[in-house]
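> Task: produce atomic coordinates for the following.
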Amino acid sequence: MLKTAIASAVFFSCVGGVHAQAMDHSRMDHGAHMANMPHGQRQADVAQRGKDVMPFSLAATTHIFSKTNQGGIQQVVVKDASDAEQVKLTRLHLREIREQFLKGDFSGPTRIHGQYMPGLAELKAARSGQITITYAELKEGAELRYTTANTALVSALHRWFDAQLADHGTDSRAGHAGHGGVKKP
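Sure, this is the predicted structure:
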């Protein structure tokens with residue numbers, strides 16, 4: 001009986017400690033935060049916050065992140081190419097965030113993914129002109145191409161892409177730049 005009581009006390013104190021630690025988000029990096037969230041909860045939270053930032057439907061689109069040696073390519077494509085409204089909304093959003101990013105304003109991703117998103121601090125701190133961001137329309141949506149000669153910023157872009165892939169879950173996928181275009185998900 002005494003062994004059971006001691007074991008129970010130790011178990012509940014450990015569980016309480018883990019729970020308290022998991023709730024202190026200020027001391028966690030993005031990966032630790034993700035690991036401590038219930039399965040699927042992080043993606044659900046991101047999707048919910050995304051509605052306030054992205055005018056298009058996450059369920060109707062796929063985010064594709066392709067890393068390159070000079071940065072990367074971020075694409076948003078609609079799952080049904082005949083959905084002209086979603087195509088229009090993805091294009092509008094990517095044009096808008098391009099302008100914001102060029103000014104160092106990453107408030108949209110911060111609202112969706114949080115201020116401790118990997119790579120985000122470095123991207124915010126980049127000097128004007130260090131990262132070139134070009135916009136292009138695709139048949140099913142649009143893309144932003146990020147290029148820089150700064151290897152630290154390339155690394156920051158890659159970490160930022162990885163975090164978005166993890167956060168968007170089934171609404172995203174890794175792409176492969178330079179392989180003859182993007183295949184539909």
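> my guess is residue 79 meets residue 57, correct?
No - using Cβ atoms under 8 Å, residue 79 is not in contact with residue 57; the gap is 9.5 Å. For the C-beta atoms, the positions are set from N, CA and C on the backbone; glycine is no exception.
> Tell me how far residue 61 lies from residue 111.
Using Cβ to Cβ, to the nearest Å, residue 61 is found at 18 Å from residue 111.
> of these two, who's got more company?
Between residue 61 and residue 111, counting by other Cβ atoms under 10 Å, residue 61 is the more crowded of the two (27 against 13).
> what residues are up against the more buried one?
Taking Cβ atoms under 8 Å, 6 or more residues apart in numbering as the criterion, residue 61 is in contact with 76, 77, 78, 79, 86, 90, 141, 171.
> how many other residues sit next to the second one?
Yep, that's residue 77 we're talking about. For residue 77, the tally of surrounding residues (other Cβ under 10 Å) stands at 23.
> Quick one: name whatever helix or strand follows the one helix or strand it maps to.
Taking DSSP states H and E as the criterion, the element that holds residue 77 is strand 71-78. Heading C-terminal from strand 71-78, the first helix or strand you meet, by DSSP H and E, is helix 84-102.
> Could you pull up the mean pLDDT of that next one?
Here helix 84-102 scores 94 as its mean pLDDT.
> which other helices and strands contact that helix?
strand 71-78, helix 107-113, strand 132-138, strand 141-147 (3 or more Cβ pairs under 8 Å, 6 or more residues apart in numbering; DSSP states H and E).
> which residues of this structure score low on pLDDT?
In the prediction, the chain carries residues with pLDDT under 70 at positions 1-56, 110, 112-114, 168-172, 177-185.
> hmm, 90 instead?
Along the chain, the parts satisfying pLDDT under 90 run over 1-63, 81, 104-118, 120, 160, 162-185.
> what comes up buried for stretch 61-74?
Neighbour-count burial for stretch 61-74 flags 61-68, 70-74 (criterion: 16 or more other Cβ atoms under 10 Å).
> Equivalent analysis for stretch 137-157, please.
Here stretch 137-157 shows 138, 140-148, 150, 153-154, 156-157 as buried, counting by 16+ other Cβ under 10 Å.
> got a winner among the contacts of residue 61 for most neighbours?
residue 90 (28 neighbours).
> Sounds good, over and out.
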